[in-house]
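A.B. asks: Output the structure for:
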Amino acid sequence: MTQPPKLVAFDLDDTLAPSKSAVDPRIADLLLALASRVEVAIISGGQLAQFRTQVVEQLPDTTDDILDRMHLLPTCGTQYYRLTPEGITTVYAHSLTDDEKTRALAAVEEEAKRLGLWAEETWGPILEDRGSQITFSALGQSAPLDAKTAWDPTGEKKNTLREAVAARIPDLEVRSGGSTSVDITHRGIDKAYGMQRLAEHTGISLDDMLFIGDRLDPDGNDYPVLALGVACHAVAGWRDTADYLDTLIPTLPTR
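C.D. replies: As a prediction, this is how the structure comes out:
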């Protein structure tokens with residue numbers, strides 16, 4: 001970027017924290033330090049409950065004006081929330097219809113079983129209705145990090161399942177999500193959609209935003225943001241993110 005960003009957005013899992021884990025206190029402190037200078041957004045395929053437990057409940061006490069600069073976009077921006085002194089408030093939430101949910105759930109379960117990707121022993125449910133998104137988690141919603149990391153290190157399993165499910169429900173969007181997940185939403189919904197909604201609601205141009213994520217490769221779920229033309233910085237985990245923020249924050253103008 002030729003000038004400092006006015007908004008910095010983050011992926012959640014494997015960017016701010018290990019998958020489905022709470023952020024480290026170092027990240028929590030850095031998010032607030034960043035919000036003292038610019039708008040801060042988190043956009044992920046995860047549901048609001050994950051944002052709450054992984055991030056919001058880990059933040060130290062802070063001022064109302066810093067909370068007001070925090071933007072939460074679960075399920076790739078099909079939902080949008082703000083932090084206020086009273087708690088998390090809804091800006092919008094666009095849910096799938098009952099018919100869309102039924103067809104999505106059937107397609108992903110049937111294709112996973114056909115491909116031999118439906119595990120009999122899991123850590124929690126494999127399928128989850130997140131309102132605006134259906135999510136398949138191969139090892140269950142609460143699988144430990146080491147098991148998830150080992151399940152599909154190349155991404156081949158997820159991509160094969162994604163292609164099979166997409167062929168079944170062409171009117172919906174099917175994407176590879178986290179380390180073991182496939183996400184289904186309305187067509188055209190990905191992290192680029194969420195970034196565009198951020199621009200609309202904040203009045204901040206995409207040219208003035210910076211996105212930080214761990215999956216900016218062409219098959220990654222962060223790639224649509226890069227393809228949109230938003231300035232991006234690739235990281236390889238939360239420690240990498242923290243080190244980058246240590247360098248970035250002092251360069252940003254104070255309010």
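A.B. asks: CA only for contacts and neighbour counts going forward, please
C.D. replies: Fine.
A.B. asks: And the residue most central in space within the chain, what's its pLDDT?
C.D. replies: Nearest to the centroid of the C-alpha atoms of the chain, with distances taken as C-alpha atoms, centre = their mean, sits residue 44, at 0.9 Å. Residue 44 is assigned 92 on the pLDDT scale.
A.B. asks: doesn't residue 76 make contact with it?
C.D. replies: Yes. Taking contacts as C-alpha atoms under 8 Å, residue 44 lies within contact range of residue 76: 5.1 Å.
A.B. asks: list the residues that contact both of these two?
C.D. replies: residue 191 (C-alpha atoms under 8 Å, 6 or more residues apart in numbering).
A.B. asks: residue boundaries of the helices in the stretch 151-255 of the chain?
C.D. replies: 156-168, 191-202, 223-228, 238-248 (DSSP state H, counting those that start in this stretch).
A.B. asks: quick one: buried residues of the first one?
C.D. replies: Think helix 156-168. The neighbour-count check on helix 156-168 (16 or more other C-alpha atoms under 10 Å) flags 157-159, 161-162, 164-166 as buried.
A.B. asks: hmm, back to that, out of the helices of the stretch 151-255 of the chain, which gets nearest to residue 13?
C.D. replies: helix 238-248 (8.6 Å; C-alpha to C-alpha).
A.B. asks: Show residues contacting the closest one.
C.D. replies: For helix 238-248, using C-alpha under 8 Å, 6+ apart, the contacting residues are 14-18, 26-27, 30, 34, 212, 235.
A.B. asks: Equivalent analysis for stretch 139-146, please.
C.D. replies: Residues contacting stretch 139-146 (C-alpha under 8 Å, 6+ apart): 18-20, 119, 121-127, 148, 180.
A.B. asks: now swap in stretch 78-94 and tell me
C.D. replies: Against stretch 78-94 from outside (C-alpha under 8 Å, 6+ apart): 64, 67-74, 95, 131-132, 189, 194.
A.B. asks: So residue 45 versus residue 59, what's the distance?
C.D. replies: Look at residue 45 and residue 59: by C-alpha to C-alpha, to the nearest Å, they are 21 Å apart.
A.B. asks: Mind checking which of these two has more residues around it?
C.D. replies: residue 45 (31 against 18; other C-alpha atoms under 10 Å).
A.B. asks: which phi and psi does the more buried one have?
C.D. replies: Per-residue torsions, residue 45: phi -70, psi -10 (degrees, to the nearest 10).
A.B. asks: for residue 69, same thing?
C.D. replies: phi -100, psi 10.
A.B. asks: quick one, what contacts the nearest residue to it once chain neighbours are set aside?
C.D. replies: Of all residues not flanking residue 69 in the chain, residue 39 sits nearest, at 4.8 Å (C-alpha to C-alpha, 6 or more residues apart in numbering). Applying C-alpha under 8 Å, 6+ apart, we find residue 39 in contact with 6-8, 69-71.
A.B. asks: Residue 173 reaches residue 186, doesn't it?
C.D. replies: Yes. Between residue 173 and residue 186 a contact is recorded at 5.5 Å, counting by C-alpha under 8 Å.
A.B. asks: got the CA positions of stretch 201-218 in PDB?
C.D. replies: In PDB, the C-alpha atoms belonging to stretch 201-218 read as follows (Å, rounded to 0.1, in the frame of the first residue of the first chain):
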ATOM      1  CA  HIS A 201     -21.200   0.200   5.900                       C
ATOM      2  CA  THR A 202     -18.000   1.900   7.000                       C
ATOM      3  CA  GLY A 203     -17.600   4.300   4.000                       C
ATOM      4  CA  ILE A 204     -14.000   3.100   3.800                       C
ATOM      5  CA  SER A 205     -12.800   2.400   0.300                       C
ATOM      6  CA  LEU A 206     -11.400  -1.100  -0.500                       C
ATOM      7  CA  ASP A 207      -8.200   0.700  -1.600                       C
ATOM      8  CA  ASP A 208      -7.800   1.900   2.100                       C
ATOM      9  CA  MET A 209      -8.200  -1.600   3.500                       C
ATOM     10  CA  LEU A 210      -5.600  -4.300   4.400                       C
ATOM     11  CA  PHE A 211      -6.400  -7.900   4.800                       C
ATOM     12  CA  ILE A 212      -4.300 -10.400   6.800                       C
ATOM     13  CA  GLY A 213      -4.900 -14.200   6.200                       C
ATOM     14  CA  ASP A 214      -3.200 -17.600   6.100                       C
ATOM     15  CA  ARG A 215      -4.900 -19.000   2.900                       C
ATOM     16  CA  LEU A 216      -4.300 -16.500   0.200                       C
ATOM     17  CA  ASP A 217      -3.300 -19.200  -2.300                       C
ATOM     18  CA  PRO A 218      -5.700 -19.700  -5.300                       C
END
